[in-house]
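[1] how would this look folded up:
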Amino acid sequence: MASFNKQLLRRKAEKLPLAICIHYNFYLSFIFVVLMGQLVFTKRREFYFCNTFQRSLSVPVFCVWLAAEIPRLYVGQKGVLRDKLPEMAAFFLLSFFPQFFTIIYLGFLQEIILPFDRVLGVTMLLFVLLELILSWRLLRSTMTRQSALFYRSIR
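    As a prediction, this is how the structure comes out:
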């Protein structure tokens, strides 16, 4: 019985850093949406872009980031709290593909970069990188544990 409690505590301690990071990323994403949205639309309205492609690209990239951030945080929180492997895998993939690249574009690759763009971009990029590392570690340990449970059940 004591070994079961130790395993349960170890499993909860394994999930805790990612759960905390997702929790704080929710608040950071709210700040990011308000400030970066205002910056993107203000730059589009009041600044002159030399490249019209850059002018027309910033708003759709921001909308893609916003459309992917809400389900990303939802499936991440659900996957970590309920110990669901498909949701954690979806969180990892959503963190990598649209989020990582849209944050890099919004923070560093726009034609007109304001200082606050870089600050928001670096902060959000650090959170996403930390979440990628923690979710990868948690995915590996969850797959190993669930595979062992499956092998024990078929014997």
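
[2] all helices for this structure, in order.
    Using DSSP state H, the helices of the chain run over residues 2-46, 52-82, 85-94, 101-104, 115-154.

[3] Make TSV from those helices and add mean pLDDT to it.
    What follows is the helices of the chain, written out as TSV (pLDDT from 0 to 100):
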stretch	mean pLDDT
helix 2-46	89
helix 52-82	93
helix 85-94	95
helix 101-104	96
helix 115-154	92
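
[4] Let me have the ones you listed in TSV, extended by mean neighbour count.
    Every residue, glycine included, has its C-beta placed from N, CA and C. TSV is the format used below for those (neighbours: other CB atoms under 10 Å):
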stretch	mean neighbour count
helix 2-46	14
helix 52-82	17
helix 85-94	18
helix 101-104	19
helix 115-154	15
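
[5] Could you check how far the residue nearest to the spatial centre of the chain is from residue 134?
    Against the mean C-alpha coordinate of the chain, by CA atoms, centre = their mean, the closest residue is residue 95 at 4.1 Å. Distance of residue 95 to residue 134, computed by CB to CB, to the nearest Å: 10 Å.

[6] before we move on, what about residue 51?
    37 Å.

[7] residue contacts, the closest residue to residue 143 other than its chain neighbours?
    Leaving aside its chain neighbours, residue 143 sits nearest to residue 85 (6.7 Å; criterion: CB to CB, 6 or more residues apart in numbering). For residue 85, the contacting residues are 79, 139, 142-143, 146, by CB atoms under 8 Å, 6 or more residues apart in numbering.

[8] let's go with 7 Å and repeat that
    142-143, 146 (CB atoms under 7 Å, 6 or more residues apart in numbering).

[9] cool, residue 88 as well?
    79-80, 135, 138-139, 142 are the contacts of residue 88 under CB under 7 Å, 6+ apart.

[10] And for residue 62?
    Counted by CB under 7 Å, 6+ apart, residue 62 has contacts 36-37, 40, 106.

[11] From residue 121, how far off is it?
    On the measure of CB to CB, residue 62 and residue 121 end up 12 Å apart.

[12] before we move on, what about residue 144?
    35 Å.

[13] Same question for residue 150.
    For residue 150, the distance to residue 121 (CB to CB) stands at 42 Å.
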